[in-house]
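# Provided below are the primary sequence and the corresponding predicted coordinates.
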Amino acid sequence: MEFKRFAIEGLVEIIPRKFGDARGFFLESYSYKVFAAAGIEVTFVQDNQSLSQKGVLRGLHFQRPPHAQGKLVRVTSGSALDVVVDIRKDSPTYGQHQTCLLNTEQHNMFYVPPGFAHGFVALEDNTTFLYKCTDYYYPTSEGGIMWNDPALNIDWNIQEPLVSAKDAVLPKFADFDSPF
Ligand SMILES: Cc1cn([C@H]2C[C@H](O)[C@@H](COP(=O)(O)OP(=O)(O)O[C@H]3O[C@H](C)C(=O)[C@H](O)[C@H]3O)O2)c(=O)[nH]c1=O
């Protein structure tokens, strides 16, 4: 596994080693030992899966402390532009975002620690999005930021995505008081 870091502290892209042969391929998608050796020593307690058609946008979401979630995300079909916003108030990169293109060529993954709002847009039909979470789902702890807030300056590469009714009315960043 290859671990790549970003200018925004804590974010890591992971590229697994893929063993191809005449049958297809094999890869290890997660190893506590390997991730811990790379500095990602966390325990995942819940795995999630969603299916999205091209143009679906989910996010920007987070769970408030004490149920903030670290997430290890990847796609197993299709592709997605993953987007995270640093909402850690004492971070020098507060309000800045990072994108990561997830696809099934590299089978790359993106580790997003607690303290980020997370979302993605599906770039193809039948995009299967998997993520491991470091805490359980606590709906009363859920928060979000408006995906298309100009203050975030995120280029989603899509004009009119399909979003949930919930995601259509999330607060703007200016009206947002981060719990991190
Ligand atoms: C997140 C979640 C949802 N649900 C139920 C609640 C709803 O009845 C249904 C759909 O939930 P929602 O519309 O919030 O799903 P997404 O919009 O894909 O939310 C996710 O989108 C972005 C990309 C994220 O990073 C979050 O982890 C997560 O909030 O699944 C559960 O039962 N457990 C869960 O962990």
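Nice, thanks for sending it over.
# what kind of secondary structure is the residue in the chain that the ligand sits nearest to in?
Using C-beta to the nearest ligand atom, Tyr137 is the residue of the chain that sits closest to the ligand, at 3.2 Å. Where C-beta positions appear, they are placed from N, C-alpha and C, glycine not excepted. The three-state assignment at Tyr137 reads coil, by DSSP: H, G, I helix; E, B strand; the rest coil.
# Next, count neighbours for Tyr136.
Applying other C-beta atoms under 10 Å, we find 11 other residues in the vicinity of Tyr136.
# Do I have it right that it meets Asp47?
No: Tyr136 is beyond contact range of Asp47, at 11.2 Å (criterion: C-beta atoms under 8 Å).
# returning to that earlier point: the residue of the chain closest to the ligand: neighbouring residues, count only.
Using other C-beta under 10 Å, the number of residues around Tyr137 comes to 12.
# mind listing what it touches?
Taking C-beta atoms under 8 Å, 6 or more residues apart in numbering as the contact definition, Tyr137 lies against Gln46, Gln63.
# what pLDDT does it get?
Predicted confidence (pLDDT) for Tyr137: 98.
# same thing with Phe44?
We have a pLDDT of 98 for Phe44.
# same check, this time on the one 3 residues further on
According to the per-residue confidence, Asp47 scores 98 in pLDDT.
# Apart from its chain neighbours, what residue comes closest to it?
Once its chain neighbours are removed from consideration, Asp47 has its nearest residue in Lys132; the separation is 5.4 Å (C-beta to C-beta, 6 or more residues apart in numbering).
# pretty sure Gln63 contacts Gly143?
Yes: at 7.2 Å, Gln63 and Gly143 qualify as touching, with contact defined as C-beta under 8 Å.
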